[in-house]
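Asks: output the structure for:
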Amino acid sequence: MKSIRNLLSFIIAAVALSLLTACGGGSDKALLPNVSGKAGEIIVVINKGDWEGTLGNEIRGLLASDCPFLPQREPLYTLVSVPPSAFTNIFQIHRNILIVNIDSKVTEPGVIYKSNQWAQPQCVVLINAPESEKAGELLNDNSSTILNAFEQAERDRVISNCKQYEASSIRPAVNKVFGGSPYFPTGYNLKKQTDDFFWIGYDTQYTIQGVFVYRYPVEGNDLTLDNIISRRNEMLKNNVPGMFENTYMTTAEAVTPNLEYIKYKNREFAQVRGFWEVHNDYMGGPFISHSFYSRDGKEVIVLEAFVYAPKYDKRNYLRQVESIIYSFQWEDEQEKR
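Replies: Numbers count the residues shown, from 1 in each chain. The predicted structure is shown next:
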């Protein structure tokens, strides 16, 4: 019985492989259903033995490791394992799918990436290998690309929704001051506006998702971590007061923020992840900021996303608002409405 089940698994995986490598028809894509599943969730199609063994541990180590700079432990992605024999229509329309096809007949091992295979907007990654050890090798060799594929897919879905359901009055106001703007979805409101600082937020009874957009003159060594944090603390002290006297938002010092230089869609910026807190109060949470030069090179522009959600996990809240700042475009690059 076990050999029959394995044979069936290989046949189903081979069918999945043929679908992934086939050329997609133009008109058929328009008929695809919308994706299912929760944000931050990935279906992993893999044999039970491999999922419970070394290969499964390697997959979890990549996709379910701790999400950085969150106050409580949360995985990067929530993984749901499905054996190939159970990979039916109900799972095929999921938003994110990783298929691990292990078959001794595989002659060209590799990793294949597909968009909108069975639904849209969908991200499918196939690892095709003759044995489990080779699958693990492919996973490790392509770890950054695999992780980026799912991350970009999640980000693109948020940005698409921001553009489709845009709070249309915010972007023109930000454009006017900074020469460019992210896209903000319905529900976000302009809470504060000065000559060099905007505060845009979406508040519910128990959560706050916020974006700051601010600027300051270039003085040299502007995109170092020390300078970014120093400028951040100065801007927030002046513009983001707390609920009580002598309280204001600042950078938490207990954990040193992380700096990374990123190039994304022809834009280069310094990305900082860290924790914010309110001086003389107990509020706090994660933030991520993008700092880059204005087009004339005379100013540093900063986009910052932050979350306050003391009653809830924060991964998805932060990923949503982080995607908003990734949507930034200079005014002459933006879509016309």
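
Asks: what residues sit buried inside stretch 306-318?
Replies: Neighbour counts over stretch 306-318 (16 or more other C-beta atoms under 10 Å) mark 306-309, 314-318 as buried. From N, CA and C alone the C-beta is placed, and that goes for glycine too.

Asks: just the ones of the residues you listed in helices?
Replies: When DSSP state H is applied, the buried residues of stretch 306-318 are split such that 315-318 fall in helices.

Asks: give me the phi and psi for the closest residue to residue 298 other than its chain neighbours.
Replies: Spatial nearest neighbour of residue 298, excluding adjacent residues (C-beta to C-beta, 6 or more residues apart in numbering): residue 218 at 5.8 Å. Backbone torsions for residue 218, taken as degrees, to the nearest 10, come to phi -70, psi 130.

Asks: ok, residue 218 - contacts?
Replies: By C-beta atoms under 8 Å, 6 or more residues apart in numbering, the residues touching residue 218 are 293, 297-300.

Asks: equivalent analysis for residue 78, please.
Replies: With contacts defined as C-beta under 8 Å, 6+ apart, the neighbours of residue 78 are 38, 40-42, 64.

Asks: 10 Å instead?
Replies: Shown in contact with residue 78 (C-beta atoms under 10 Å, 6 or more residues apart in numbering): 37-42, 63-64, 96, 315-316.

Asks: from those residues, pick the one nearest residue 174.
Replies: residue 316 (24.5 Å; C-beta to C-beta).

Asks: quick check: that closest one touching residue 38?
Replies: Yes. Judged on C-beta atoms under 10 Å, residue 316 makes contact with residue 38 at a distance of 8.2 Å.

Asks: for residue 222, which three-state class applies?
Replies: coil (DSSP: H, G, I helix; E, B strand; the rest coil).

Asks: try residue 149
Replies: Once three-state DSSP is applied, residue 149 turns out helix.

Asks: got the contact list for it?
Replies: Taking C-beta under 10 Å, 6+ apart, we find residue 149 in contact with 96, 98, 111, 113-115, 123-125, 142.

Asks: what about stretch 243-252, average pLDDT?
Replies: Averaged over stretch 243-252, pLDDT sits at 93.

Asks: okay, that stretch in CSV with CA atoms only?
Replies: The C-alpha coordinates for stretch 243-252 follow below in CSV (Å, rounded to 0.1, in the frame of the first residue of the first chain):
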residue,chain,number,x,y,z
MET,A,243,-1.0,61.0,25.5
PHE,A,244,0.5,62.7,28.5
GLU,A,245,2.8,65.6,29.2
ASN,A,246,6.5,65.1,28.3
THR,A,247,5.7,61.9,26.3
TYR,A,248,6.6,61.4,22.7
MET,A,249,7.5,58.6,20.2
THR,A,250,11.2,57.7,20.0
THR,A,251,13.5,54.7,19.1
ALA,A,252,13.7,52.0,21.7
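
Asks: off-centre distance for it?
Replies: 28 Å (C-alpha atoms, centre = their mean, to the nearest Å).

Asks: still on that earlier bit, quick one, grab the pLDDT at the residue nearest to residue 298.
Replies: For residue 218, the model assigns a pLDDT of 96.

Asks: tell me the neighbouring strands of the lengthiest strand in the chain, and mark each as parallel or antiparallel.
Replies: Taking DSSP state E as the criterion, the chain has its longest strand at strand 267-278. Here strand 267-278 has these sheet partners by DSSP bridges: strand 249-251 (antiparallel), strand 258-264 (antiparallel), strand 284-293 (antiparallel).

Asks: convert the C-alpha atoms of that strand to CSV, please.
Replies: Output of strand 267-278 as CSV, limited to C-alpha atoms (Å, rounded to 0.1, in the frame of the first residue of the first chain):
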residue,chain,number,x,y,z
ARG,A,267,15.2,52.9,-6.2
GLU,A,268,18.0,52.7,-3.7
PHE,A,269,17.4,53.3,0.0
ALA,A,270,18.6,52.5,3.5
GLN,A,271,16.1,50.3,5.3
VAL,A,272,16.0,50.2,9.0
ARG,A,273,14.1,47.8,11.2
GLY,A,274,13.7,48.4,14.9
PHE,A,275,11.3,49.1,17.8
TRP,A,276,9.7,52.4,18.7
GLU,A,277,8.5,53.3,22.2
VAL,A,278,6.8,56.3,23.8
